[in-house]
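*Asks:* From the sequence below, what's the structure:
(one chain, ligands or ions: 1)
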Amino acid sequence: MTEQHSYRILDVLIEQDAYFAIFRLPHETAPRFVMQTSGTPSILRDIEELNEQQGFVIAPFRTNATSPLIVIRPDRTTFPEVNISIRKDGQEKAYLQKHISKNKVEYSYLFDRFHKPLANGELKKLVLSRSKIIDRKDTFSPGRSFFNAVEKYPHSYVYLFHTPQSGTWLGSTPEILLRGVRDEWHTVALAGTRYPNSGTVTWDDKNLREQHLVTSYLLKQLSSFHITPEINGPYTIKAGNLAHLRTDFSFNLPETPKPGTLLKALHPTPAVSGLPKDEAYRFIQHNEEQDRLYYSGFLGMLDTEGETDIYVNLRCMHIEKNLLTLFAGSGLLVSSSLDDEWEETEHKLEVMLNILQ
Ligand SMILES: C=C(O[C@@H]1C=C(C(=O)O)C=C[C@H]1O)C(=O)O
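*Replies:* Here you go, the predicted model:
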């Protein structure tokens with residue numbers, strides 16, 4: 001099967017409103033595919049209900065009626081044959097950035113609003129995110145963009161999924177939330193961002209502190225289950241045009257906690273939300289002025305009999321009939337500067353912008 005044939009199949013599955021996900025794990029060559037062929041996917045109210053589930057999980061940042069927590073049952077794991085007609089490409093139109101996207105002036109108001117509780121010591125860290133909305137070209141193909149990302153981002157988890165409940169999402173994320181085979185499990189603290197042109201990356205105090213906050217949080221959550229992980233890091237990793245600081249946590253997971261319970265304890269980590277956990281999560285809900293939907297939620301296969309690979313949903317876009325909404329955020333500390341954080345989100349948005357053609 002040619003790549004062009006594969007991407008047309010993916011586009012047709014989206015047009016047919018199928019329940020499917022295709023994903024490529026870091027450093028693997030072949031993407032894996034899952035599709036539910038009968039009934040409707042499970043809709044869950046609470047992350048802990050994942051303890052009773054196996055399948056492809058799609059969890060929003062915040063579960064609500066518009067963004068439910070979904071599990072696709074993997075009825076089939078090979079590409080289906082679908083009737084593909086050759087698409088007549090319409091008139092070319094340029095990708096246009098819509099006014100609804102926050103410009104730097106509007107972003108600066110939100111930056112000030114987020115900085116206040118950091119400056120007065122109420123909160124230690126807050127992740128401020130924004131989105132960029134662009135017109136979808138007639139020639140845009142989600143399937144082709146997925147394969148572009150597979151090629152361009154070998155170190156990331158690249159995915160495309162569709163369900164009628166979530167809509168269509170595509171992304172290329174570097175951040176593992178929970179990975180496990182048998183009783184060997186892993187999670188990762190990924191925080192601190194640079195955009196090096198070349199050579200070695202150096203890390204300032206702000207980035208080291210951000211990384212330290214996420215590491216301490218993960219240790220605390222794991223130790224609440226009496227898990228003492230083996231720790232490796234922090235070290236520098238590449239993710240497309242960006243570099244991050246990463247610390248690995250490896251541990252045994254006997255009978256309990258089950259993965260759903262652990263995911264509930266981990267999500268949302270301060271890499272995407274903030275500290276203290278509950279206060280930061282509430283602050284974002286009331287002040288960010290956008291619904292993050294599935295951005296900064298988590299996704300991937302949950303299969304306790306086989307292999308579990310759950311990633312944080314970053315460097316992603318929501319694909320609609322006429323619009324593409326790209327998301328990016330960055331972690332603010334009291335020492336953050338407006339220009340640096342804006343620039344960081346610009347670089348993060350490029351991850352999706354670079355695969356649109
Ligand atoms: C929030 C995002 O990325 C997260 C935030 C980072 C940071 O602030 O340094 C780094 C990696 C991710 O954990 C994003 O890509 O939107």
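*Asks:* What parts of the protein come near the ligand?
*Replies:* 127, 129, 175, 190-193, 210, 244, 271-272, 314-315, 328-331, 348 (CB under 6 Å from any ligand atom). (C-beta placed from N, C-alpha, C; glycine too.)
*Asks:* Which members of those residues are positioned in strands?
*Replies:* Among these, the ones falling in strands (DSSP state E) are Val127, Ser129, Leu190, Ala191, Gly192, Thr193, His244, Ala328, Gly329, Ser330, Gly331.
*Asks:* could you dump these to JSON lines with pLDDT and neighbour count?
*Replies:* Listed next are those as JSON lines, based on pLDDT from 0 to 100; neighbours: other CB atoms under 10 Å:
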{"residue": "Val127", "pLDDT": "98", "neighbour count": "23"}
{"residue": "Ser129", "pLDDT": "98", "neighbour count": "22"}
{"residue": "Leu190", "pLDDT": "97", "neighbour count": "27"}
{"residue": "Ala191", "pLDDT": "96", "neighbour count": "29"}
{"residue": "Gly192", "pLDDT": "95", "neighbour count": "24"}
{"residue": "Thr193", "pLDDT": "96", "neighbour count": "22"}
{"residue": "His244", "pLDDT": "96", "neighbour count": "23"}
{"residue": "Ala328", "pLDDT": "98", "neighbour count": "22"}
{"residue": "Gly329", "pLDDT": "98", "neighbour count": "24"}
{"residue": "Ser330", "pLDDT": "98", "neighbour count": "20"}
{"residue": "Gly331", "pLDDT": "97", "neighbour count": "27"}
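*Asks:* Give the burial count for the closest residue to Asp303 other than its chain neighbours, as a bare number.
*Replies:* In space, not counting the residues next to it along the chain, Asp303 is nearest to Gln54; the distance is 5.4 Å by CB to CB, 6 or more residues apart in numbering. A total of 16 residues lie near Gln54 under the criterion other CB atoms under 10 Å.
*Asks:* and the gap between Gln54 and the ligand?
*Replies:* 27 Å (CB to the nearest ligand atom, to the nearest Å).
*Asks:* just checking, that residue touches Thr304?
*Replies:* Yes: at 6.8 Å, Gln54 counts as touching Thr304 under the criterion of CB atoms under 8 Å.
*Asks:* Could you tell me how many residues sit around Ser335?
*Replies:* Ser335, neighbours per other CB under 10 Å, totals 12.
*Asks:* Figure out the helix or strand that it lives in.
*Replies:* For Ser335, there is no enclosing helix or strand under DSSP states H and E.
*Asks:* what's it sitting at in phi/psi?
*Replies:* The phi and psi values for Ser335, taken as degrees, to the nearest 10, are phi -90, psi 0.
*Asks:* Excluding chain neighbours, give the residue nearest to it in space.
*Replies:* Nearest non-adjacent residue to Ser335 (CB to CB, 6+ apart): Lys206, at 4.9 Å.
*Asks:* Assess the claim that that neighbour and Ser336 are in contact.
*Replies:* Yes: using CB under 8 Å, Lys206 is in contact with Ser336, at 6.8 Å.
*Asks:* and those two? which has more neighbours close in?
*Replies:* The residue with more neighbours, out of Lys206 and Ser336, is Ser336; 21 against 17, by other CB under 10 Å.
*Asks:* residues in contact with the more buried one?
*Replies:* Listed by CB atoms under 8 Å, 6 or more residues apart in numbering, the contact set of Ser336 reads Phe111, His115, Leu118, Lys206.
*Asks:* For it, give me phi and psi.
*Replies:* phi -70, psi 150.
*Asks:* next one: the one 5 residues further on
*Replies:* Summarising the backbone geometry of Glu341 under the convention degrees, to the nearest 10, its torsions are phi -70, psi -40.
*Asks:* That one is in contact with Leu128, isn't it?
*Replies:* Yes: between Glu341 and Leu128 a contact is recorded at 7.0 Å, counting by CB under 8 Å.
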